[in-house]
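Asker: Predicted structure and sequence below. I'll ask about it afterward.
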Amino acid sequence: MSSLLEQEIQSQPEVITQLIDKEIHHIEQIIKQLPSFDYIIIAARGSSDHAATYAKYAWGTMAGYPIALAAPSLQTLYQRPPRMNNALIIGISQSGQSPDIVSVLAEGKRQGRPTIAITNDVNSALAATADHVIELHAGQERSVAATKTYTAQVAVMMLFAALMNGDKERITELQRVPGWIAQVLESSSAIARYAERYRYMDECIVVGRGYNYATSFELALKLKELTYVMATAYSSADFRHGPIATVKEGLPTILIMPQGAPYADMLELAHELQERKAELLVLSESQEALALAQTPFALPADIPEWLTPIVSIIPGQLLGLHLTIAKHLEPDAPRGLKKITLTN
């Protein structure tokens, strides 16, 4: 019998389809009701924080809004909340229960700013605090590692970006995402075979840039929490500012490099890493890039760059799943972790 984790990974095309169908008009109405704002503050932890990082790029490029990722400890530990003048405040949490994320929205309301909760639980404390609630429609996520709730959060960020910009063509593109995810899921058996090669891996590097900067952190998190591999994520730009010195012969290095603005930089880095004899795992639709890899993960062709993060995380989820199995670990209940983490 397949694990809960595998079932939830496989359910993502249906989850994203349902989310788009149920929330597109709701989000459109929320945008119309919002008062004017100059920038956006997003509060999130863990995988939700990676969805927020994606929003920095998507909303920045499409709607021109500066995005600040909140530091909840300013409220909860130091009792020094920042001024939120002219900001839109958003909280992202699959459970909606973490007190520190709730505190950011509560402070936003106290300062008279509009607040939005993005959560899988519409009865949560986060939802009760917010002016507007966007439901993920992912169903109960029973495995500890977030998969379908993460991609649902990213899909909400994508919907917001397209609707804020009033771009109907982007909505049409977004509706193709479930089909692209389904294509990648068909490679699960091949990725299971790849995982055997890395069953003794205890460290690796994950690199992405631009829209997929967030993907690099989410993929690294999946490897850490599921397989206990010390996976470290970087932007390709930051990686050159010192960390590249850690690369040694045979070091597994995962490059997230679909076609788009960062591709040329990522390709140059791939060649540098090849010269350093790193073990390259490449996620791309480009044959040029895949040819450099010891382990290639082919992505569907012709995905618009802004949509690649929701598709390119799928091979990472599958690698985490199958590497967990190869290491004889428990995919649904990683050691020392709970499904809901409450931080103050």
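Answerer: All right, it came through fine.
Asker: alpha carbons only for contacts and neighbour counts from here, please
Answerer: Fine.
Asker: Touching stretch 192-199 from outside, list them.
Answerer: 295, 318, 319, 322, 323, 326, 327 (Cα atoms under 8 Å, 6 or more residues apart in numbering).
Asker: My error: substitute stretch 212-232 in the last question.
Answerer: 47, 50-51, 53-54, 145, 201-208, 233-235, 256, 308-309, 312-313, 316-317, 320-321, 323-324, 327, 329, 331, 334.
Asker: May I see the PyMOL selection of the buried members of those?
Answerer: In PyMOL, a selection of the buried entries from the contacts of stretch 212-232 looks like this (16 or more other Cα atoms under 10 Å):
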select buried, resi 47+50+51+53+54+145+201+204+205+206+207+208+233+234+235+256+308+309+312+313+316+317+320+321+323+324+327+329+331+334
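Asker: In strands, which of the contacts of stretch 212-232 appear?
Answerer: 203, 204, 205, 206, 207, 208, 233, 234, 235, 256 (DSSP state E).
Asker: between these, which is closest to residue 126?
Answerer: Nearest to residue 126 among the ones in strands among the contacts of stretch 212-232: residue 233, at 28.9 Å, using Cα to Cα.
Asker: May I see the ones in strands among the contacts of stretch 212-232 organised as JSON lines, with distance to residue 29 and pLDDT added?
Answerer: Below are these laid out as JSON lines (distance: Cα to Cα, whole Å; pLDDT from 0 to 100):
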{"residue": "203", "distance to residue 29": "46", "pLDDT": "97"}
{"residue": "204", "distance to residue 29": "44", "pLDDT": "98"}
{"residue": "205", "distance to residue 29": "41", "pLDDT": "98"}
{"residue": "206", "distance to residue 29": "38", "pLDDT": "98"}
{"residue": "207", "distance to residue 29": "37", "pLDDT": "98"}
{"residue": "208", "distance to residue 29": "34", "pLDDT": "98"}
{"residue": "233", "distance to residue 29": "37", "pLDDT": "98"}
{"residue": "234", "distance to residue 29": "37", "pLDDT": "97"}
{"residue": "235", "distance to residue 29": "35", "pLDDT": "97"}
{"residue": "256", "distance to residue 29": "35", "pLDDT": "99"}
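Asker: export those to TSV and tack on distance to residue 282?
Answerer: Output for the ones in strands among the contacts of stretch 212-232, formatted as TSV (distance: Cα to Cα, whole Å):
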residue	distance to residue 282
203	16
204	13
205	12
206	10
207	10
208	11
233	14
234	15
235	15
256	6
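Asker: and of the residues you listed, the nearest to residue 124?
Answerer: residue 233 (31.2 Å).
Asker: who touches the residue lying closest to the closest one once chain neighbours are set aside in this structure?
Answerer: Distances taken as Cα to Cα, 6 or more residues apart in numbering place residue 206 nearest to residue 233, at 4.6 Å, with adjacent residues excluded. By Cα under 8 Å, 6+ apart, residue 206 lies in contact with 216, 217, 219, 220, 231, 232, 233, 234, 253, 254, 255, 256.
Asker: Mind doing that once more with 10 Å?
Answerer: Under the criterion of Cα atoms under 10 Å, 6 or more residues apart in numbering, the neighbours of residue 206 are 213, 215-220, 231-236, 239, 252-256, 281-282.
Asker: go on, residue 260?
Answerer: So residue 260 contacts 210, 211, 303, 304, 305, 306, 308 (Cα under 10 Å, 6+ apart).
Asker: mind running it again at 6 Å?
Answerer: residue 305 (Cα atoms under 6 Å, 6 or more residues apart in numbering).
Asker: May I have stretch 290-301 as CSV, with CA atoms only?
Answerer: Taking C-alpha atoms only, stretch 290-301 is exported to CSV below (Å, rounded to 0.1, in the frame of the first residue of the first chain):
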residue,chain,number,x,y,z
LEU,A,290,20.1,17.9,-19.0
ALA,A,291,23.1,16.7,-20.9
LEU,A,292,25.4,18.1,-18.2
ALA,A,293,23.8,16.0,-15.5
GLN,A,294,24.6,12.6,-14.0
THR,A,295,21.0,12.6,-13.0
PRO,A,296,18.6,14.5,-15.3
PHE,A,297,15.0,15.4,-14.3
ALA,A,298,13.1,16.4,-17.4
LEU,A,299,10.4,19.0,-17.1
PRO,A,300,7.6,19.5,-19.6
ALA,A,301,8.4,21.9,-22.4
